[in-house]
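> Prediction below, plus the sequence it came from.
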Amino acid sequence: MTRSIASLFLAGALLCGGACTNMTKTEQGALSGGAIGAGAGAGIAAISGGYVGVGAAVGGVLGGVAGGLYGHEQEKKAVAHHHSKKKKKQQTKETTS
């Protein structure tokens, strides 16, 4: 049972790895956080003698939420950085004109 869950997790991670190129930072964070959380939850449940499926589900949900929040913050920082660079460029054009 644990081996089949690990195999499915690995196959899903490999398939999603190539699909992340056209995703926003929020989507990438949610996907990777969910995958990491599911793996961690399954591992912790297996070690502690709990239900592996429940551990994977709980870990996946919590990891997905945390990863999505982190990715969203990174996306906001990137947009703010882009706008500040654009504003500086405009100011430089205005002073040299």
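Structure received. Numbering: from 1, shown residues only.

> residue ranges with poor pLDDT in the protein?
Along the chain, segments meeting pLDDT under 70 span 1-20, 89-91, 93-94, 96-97.

> any idea which residue sits dead centre in it?
Within the chain, one residue has its C-alpha closest to the average C-alpha position: by Cα atoms, centre = their mean, that is residue 29, at 1.8 Å.

> for the helix or strand hosting that one, packing partners?
Using DSSP states H and E, residue 29 sits within helix 25-48. Taking 3 or more Cβ pairs under 8 Å, 6 or more residues apart in numbering; DSSP states H and E as contact, the helices and strands that helix 25-48 lies on are helix 2-19, helix 52-96. Bear in mind the C-beta positions are built from the backbone N, C-alpha and C, glycine included.

> nearest spatial neighbour of the residue nearest to the centre of the chain, skipping sequence neighbours?
Here the nearest residue to residue 29 in space, its sequence neighbours aside, is residue 71; by Cβ to Cβ, 6 or more residues apart in numbering that works out to 2.3 Å.

> Could you give the number of residues near that neighbour?
The criterion is other Cβ atoms under 10 Å. On that basis, residue 71 has 21 neighbouring residues.

> check contacts around it.
With contact taken as Cβ atoms under 8 Å, 6 or more residues apart in numbering, residue 71 is in contact with 24, 25, 26, 27, 28, 29, 30, 33.
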